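[1] coordinates only, sequence not included:
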């Protein structure tokens, strides 16, 4: 292998390279690592170390074309997370721990954060209730509320609460990528299990996946042809709306949504949903595929 070939790796290979066949798998692994809290560049460095063995910081910097200062920072972060080990040598060399152990390490770290917050629940609640409220009651009606939400976990949690608190029904419009993420967050399972008036519109290019097989087919439709892949929103009981400003076309941590109970805005989006429903096509059993 000559020097030109040696500089090519699975992360920067060209479409005509033999290594390009692994690109899809690398992209999927990268997206999953992002869901565990890494940035795309951090995931890229971890994958590189895992597939090419121990490297020095200058080697990582050169092969992945990352700025020197950023490379040092990334390696320090990955080391502090416990998924990259440092070898005592000069210059220092860095190596990735096995993928299975790395995932378990990241899961344990997230579980530890959740456990710590849960252990503080009663203490914080007691302190809160010990402090008197100084709200002055007014005869004016409550104003409309708005809330900005960022990141898949926070947004999906809000959506679950909306669906579970629904008394009449929910309307969900989304693209194929959104549907996949909702499925892995158990949102679809909750959505289809409720004995309510439920309607789901999926973008027209999406093939209806197998995990919707238990849902009443009259409640699911393929959206109109002019429906864009960046459109995604949930309406609950005509009194709550969550609309994505950045949907699943972005990494999980960059997803951005807007929640409101504004009657005028909900009515406007409801008109859009009803129009899309009327101009959508019913799905057929033979369109179902295993996802």
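    Yes, it's here. The structure displayed is predicted, hence computed values, not measured ones. Numbering: from 1, shown residues only.

[2] would you map the helices across the stretch 51-200 of the chain?
    Here the stretch 51-200 of the chain has its helices, by DSSP state H, counting those that start in this stretch, at 57-64, 68-80, 99-119, 121-130, 152-164, 176-184, 187-193.

[3] residue 281 is nearest to which of those?
    Evaluated over the helices of the stretch 51-200 of the chain, closeness to residue 281 peaks at helix 176-184, with 15.6 Å, by C-beta to C-beta. C-beta coordinates here come from the backbone N, C-alpha and C atoms, glycine included.

[4] so what secondary structure elements neighbour the closest one?
    Under the contact definition 3 or more C-beta pairs under 8 Å, 6 or more residues apart in numbering; DSSP states H and E, helix 176-184 sits against helix 152-164, helix 187-193.

[5] low-confidence ranges, the stretch 51-200 of the chain, go.
    Scanning the stretch 51-200 of the chain for pLDDT under 70 picks out 135, 138-142.

[6] just want the most central residue of the chain.
    Centroid check for the chain by C-alpha atoms, centre = their mean gives residue 252 as the closest residue, at 3.2 Å.

[7] doesn't residue 35 make contact with it?
    Yes: applying C-beta atoms under 8 Å as the test, residue 252 and residue 35 come out as touching, 5.2 Å apart.

[8] and the helices and strands packed on helix 176-184 as JSON lines, adding distance to residue 96?
    Below are the helices and strands packed on helix 176-184 laid out as JSON lines (distance: least, C-beta to C-beta, whole Å):
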{"stretch": "helix 152-164", "distance to residue 96": "25"}
{"stretch": "helix 187-193", "distance to residue 96": "32"}
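
[9] which non-adjacent residue is nearest residue 168?
    Here the nearest residue to residue 168 in space, its sequence neighbours aside, is residue 237; by C-beta to C-beta, 6 or more residues apart in numbering that works out to 4.7 Å.

[10] identify the residues contacting the one you found.
    Shown in contact with residue 237 (C-beta atoms under 8 Å, 6 or more residues apart in numbering): 166-170.

[11] residue 283: what's it in contact with?
    By C-beta under 8 Å, 6+ apart, the contact set of residue 283 is 208, 217, 220-222.

[12] for residue 248, same thing?
    Under the criterion of C-beta under 8 Å, 6+ apart, the neighbours of residue 248 are 175, 177-178, 180-181, 232, 255.

[13] on the three-state scheme, it is what?
    Following DSSP: H, G, I helix; E, B strand; the rest coil, we place residue 248 in the coil state.

[14] buried stuff in stretch 161-176?
    Buried residues in stretch 161-176, defined by neighbour count with 16 or more other C-beta atoms under 10 Å: 162-163, 166, 169-176.

[15] returning to that earlier point: just checking, which of the contacts of residue 237 belong to strands?
    169-170 (DSSP state E).

[16] what's the farthest-apart pair in the contacts of residue 237?
    167 and 170 (10.4 Å).

[17] and for those two, which residues touch both?
    Contacts common to residue 167 and residue 170, judged by C-beta under 8 Å, 6+ apart, are 196, 237.

[18] just the pLDDT at the residue nearest to the centre of the chain, thanks.
    Looking at residue 252, its pLDDT is 78.

[19] having no further points to raise, I will conclude here.
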